[in-house]
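Q: Starting from these lines, generate the structure:
(2 chains)
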Amino acid sequence: MTSQVSSPAEQADGAVVGEQRKRANDKDVRRLDRVIIRFAGDSGDGMQLTGDRFTSETASFGNDLSTLPNFPAEIRAPAGTLPGVSSFQLHFADHDILTPGDAPNVLVAMNPAALKANIADVPRGAEIIVNTDEFTKRAMQKVGYDTSPLEDGSLDGYHVHPVPLTALTVEALKEFELSRKDAGRSKNMFALGLLSWMYHRPTEGTERFLRSKFAKKPQIAAANIAAFHAGWNFGETTEDFAVSYEVAPASSAFPTGTYRNISGNLALSYGLIAASKQADLPLYLGSYPITPASDILHELSKHKNFGVRTFQAEDEIAGIGAALGAAFGGSLAVTTTSGPGVALKSETIGLAVSLELPLLVVDIQRGGPSTGLPTKTEQADLLQAMYGRNGEAPVPVVAPKTPADCFDAAIEAARIAITYRTPVFLLSDGYLANGSEPWRIPEIDQLPDLRTQFASGPNHTEADGAEVFWPYKRDAKTLARPWAIPGTPGLEHRIGGIEKQDGTGNISYDPANHEFMVRTRQAKIDGIEVPDLEVDDALGEANTLVLGWGSTYGPITAAVRRLRTAGERIAQAHLRHLNPFPKNLGEVLGRYDKVVVPEMNLGQLATLIRARYLVDARSYNQVNGMPFKAEQLATALKEAIHG
Amino acid sequence: MADTGTKGTGTIEALSLVPKAEAEQSMKDFKSDQEVRWCPGCGDYAILAAVQGFMPELGLAKENIVFVSGIGCSSRFPYYMNTYGMHSIHGRAPAIATGLASSRRDLSVWVVTGDGDALSIGGNHLIHALRRNVNLKILLFNNRIYGLTKGQYSPTSEVGKITKSTPMGSLDAPFNPVSLALGAEASFVARTVDSDRKHLTDVLRQAAAHPGTALVEIYQNCNIFNDGAFEVLKDKQQAEEAVIRLDHGQPIRFGTDLAKGVVRNPQTGDLEVVDVSEDNQSQILVHDAHAASPTTAFALSRLADPHTLHHTPIGVFRSTERPVYDAQMSDQLDEAIEQNGKGDLAALLAGGDTWTVVG
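A: Below is the predicted model of the structure:
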């Protein structure tokens, strides 16, 4: 079996098929530099759990990794159908990697629907493990297989392992006195055991996990562990699996430190808690459940011992309303949502712009418009975040670039909100939210100090010498207004959405004042200090710049590596701050003959760039609910370089 | 009330976490320096004066009082109170106030809203605030018309109302705000009238003392677009027959010489108005605002004819204690600390499964 060599590498030194050795049982062991596995099954088959467990084993082993969960919006779509297929792709390596991988080396297909839905992504030569028990005539007909793909030659060129996963699992669990149906449910653990054997994964973590997950049902815990072991032993003994693989830890790819695996939504949640701690302000989340943002609400609600208040509101508007009320009271206030929720929150975001209070609006973007693709990723809310309000209502926009980066991006968004007294958009997306990667756990004392001062006394002297408080008297440098919270004696004041007189904050319909206030609010956002854009242009000879933002960082960087390995010259830059843009962006754009902007939308950043800098930025777009594939991007970028 | 200094008691249990005023307060302490800009003759003036006059009684530190409003004529109210205040957006004041009150238990938070703001665009937030029982005092100025947009019918307008947007008469059946609030699990519901300063103040006093959400419907005259809407309740002669005053523990009687009373129909269980006689005197319903069940309060709210306003009860319909949202939210934080210790950020970030890369 030689199929499992690395497909085109993300790194120059990618393709390593190393030494071969024998396992104790005389089976061959081969060394790989990286592997992409996709687990696919019915929504009810536990594929996400299986993928999560394999990921945890892989993380604790020390590989670099990147994951891509992909599941339908329906909780339980009709069993055995194509729309009901749920999958989890994991890319792991002995070196630094950036994406969940383009094409699986291994597909685990738990039923005919899973095979049919995924086979197009799997290159010939890859390994396919199928659960033959599910390949009944009826199940195959349901997804349009007139003949069995396992027998009709359509899988020629693949290395197919037909395994009766259900029957083997039931057999392994016969001593547990479970019904056939209940026993069969552990088949995902059998599959996990088999794959864990194939790739030499540590097993203790999964055993510990199962014991803890089913702590109240020890019988079920024991059955799952038994199925997991049976899968492992099956690999060890059956002749069909003659080879197993090692992927060494990626130690040299990582800076020293302590690591864990983390998903984007978890990292973002931790970033919010850390920001609250660093700002010494209580965290208040007002939120309404929405995919794919709900996990942040779930996570934060677990950490009340950090003083975190989570409020599940009656709707999106109340979610942000409560957050804004808490911000008025001096909390670090957050609302979490996805695109449709942002649309509902727009008016309140406008109010926050007018009130000039700190507020984080976290948008985990998903496919749109309207309900769109709730469980799939997209970057099509950028212009909504920039402009989706009535009037001139500028809002800073910050975007994380990888799952782990969601932690730092949340802290940065909080810094801007607190320093400049403004709502801030944090634009993550479904891919970052659910995807995961290793994260170097930061030292607490390395986190930025976000502490601020509430107003405590008068800040203005009237003509008659009276000391008064003016709620809209601004800091000369940041243009931020004072944050005077209720409970502070002598600073009683009223704020509202009606235009305010500069300084006093009293209602004013004066034309000149309105013009001044509109321009001042804009100037405040334009003046936010953000780091300069860094350009990766090692040789300094490129004439093409690829500019990205948000979650496309992984695929773009992987594509750039491929191109450079192939001798191409290309510069890369990635925007974290979409509003305001880094001050050097115009200068950077001017350095290159061509600027290519890949986005998971129809060209929203490109529109901004073209409008702002009069640069002929070229869009490269994909809106299929999935992240870019590195190979596809590399091809497009190569055409741009030579086009 | 004369504008003389008052040393409030500051002993209201529902506001026990709110700091007390150090000095005597007077009505003028609660007047902001902003010119009041309602139409001359608007009922809002009377309500503003009643609230400003009542505030010193509470004896609370002025800086710990916040008025939050939405949009509409009544929602300009916070600008005229020399407390903290927020004039927010249409219908959202209960949501914003919920965030403030649930994060700051040391504040006395008041919501000022109107029939359009609270019952049309903001209906959802109102009912959810009521069911949660957040520590908010909601003053709903009901003038049965849209004033700020110059005279369209509102969700409390009577059917057939001729307005700019309904030249042939409005079609929608109105809400009865008291019935709605009771249906939304409100723990405190009252109704009063803008021009009856004494009654209004008395109801405010009871609302302030209530732990949890209090909804006070205030019938308020819009002399520009719906003048005289409540005249039947204000004109001394007509009011005798139209108004039913509710006092806890008292038989529900009204009319000239209290000749009328409210009894329960034994067949239907519903309430009805009867002429009081020797025979039925003992059957006159005694008002129990603290009844655990809202059934009778609801039946009382249905006595009024939505068109003529005859048999309109005013006073406190319901005042019962149940757990207060912000207190419970705060308790959960304490409980979490008790169970898991105070949050340790480093431990949180490290989580369970880690590995170390050494140089």
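
Q: Please name the nearest non-neighbouring residue to residue B:142.
A: Using Cβ to Cβ, 6 or more residues apart in numbering or on different chains and skipping the chain neighbours, the partner closest in space to residue B:142 is residue B:115 (4.6 Å). Yep, even glycine has a C-beta here, placed from its N, CA and C like the rest.

Q: how much space between the one you found and chain A?
A: 19 Å (Cβ to the nearest Cβ, to the nearest Å).

Q: and the residue in the stretch 251-359 of chain B that chain A sits nearest to, how many neighbours does it have?
A: Closest approach between the stretch 251-359 of chain B and chain A, counting by Cβ to the nearest Cβ: residue B:343, at 3.3 Å. Close neighbours of residue B:343, defined as other Cβ atoms under 10 Å in any protein chain shown, add up to 18.

Q: That one should be in a helix, yeah?
A: No - counting by DSSP: H, G, I helix; E, B strand; the rest coil, residue B:343 is located in no helix; its state is coil.

Q: these two touch, right, it and residue A:303?
A: Yes - applying Cβ atoms under 8 Å as the test, residue B:343 and residue A:303 come out as touching, 6.2 Å apart.

Q: Can you pull the residues that touch both of the two?
A: In terms of Cβ atoms under 8 Å, 6 or more residues apart in numbering or on different chains, residue B:343 and residue A:303 are both contacted by the residues residue A:273.

Q: how would you label residue A:286: helix, strand or coil?
A: strand.

Q: what's the nearest residue to residue 310 if we skip its chain neighbours?
A: No chain specified, so I'll use chain A. Distance criterion Cβ to Cβ, 6+ apart; nearest residue to residue A:310, sequence neighbours excluded, is residue A:301 at 4.2 Å.

Q: my bad, the chain I had in mind was chain B
A: Excluding the flanking residues, the one nearest residue B:310 by Cβ to Cβ, 6+ apart is residue B:242, at 5.2 Å.

Q: Measure how buried that neighbour is and give me the count.
A: With other Cβ under 10 Å as criterion, residue B:242 counts 22.

Q: contacting residues for it?
A: B:232, B:233, B:308, B:309, B:310, B:311, B:312.

Q: What subset of these is buried?
A: Neighbour counting by 16 or more other Cβ atoms under 10 Å in any protein chain shown classes B:232, B:233, B:309, B:310, B:311, B:312 among these as buried.

Q: so the second one is in which element?
A: Residue B:233 is part of helix B:231-234 when elements are defined by DSSP states H and E.

Q: Dump that helix to PDB, keeping only the CA atoms.
A: Taking C-alpha atoms only, helix B:231-234 is exported to PDB below (Å, rounded to 0.1, in the frame of the first residue of the first chain):
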ATOM      1  CA  GLU B 231     -62.800  62.800  30.500                       C
ATOM      2  CA  VAL B 232     -65.300  60.300  31.700                       C
ATOM      3  CA  LEU B 233     -62.900  59.300  34.400                       C
ATOM      4  CA  LYS B 234     -62.000  62.900  35.300                       C
END
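
Q: so for it, what's the average pLDDT?
A: Averaging pLDDT along helix B:231-234 gives 96.

Q: Beyond that helix, next helix or strand please.
A: Immediately after helix B:231-234, counting by DSSP H and E, sits helix B:236-242.

Q: Name the residues of that following helix that come out as buried.
A: With burial defined by 16+ other Cβ under 10 Å, the residues of helix B:236-242 counted as buried are B:239, B:241, B:242.

Q: Where is pLDDT lowest across those?
A: Within the buried residues of helix B:236-242, residue B:241 has the lowest pLDDT, namely 91.

Q: pretty sure that one contacts residue B:259?
A: No - the criterion here is Cβ under 8 Å, and residue B:241 misses it with residue B:259 at 9.6 Å.

Q: which ones are touching the closest residue to residue A:452 other than its chain neighbours?
A: Using Cβ to Cβ, 6+ apart and skipping the chain neighbours, the partner closest in space to residue A:452 is residue A:418 (5.1 Å). By Cβ under 8 Å, 6+ apart, the residues touching residue A:418 are A:279, A:281, A:332, A:358, A:450, A:452.
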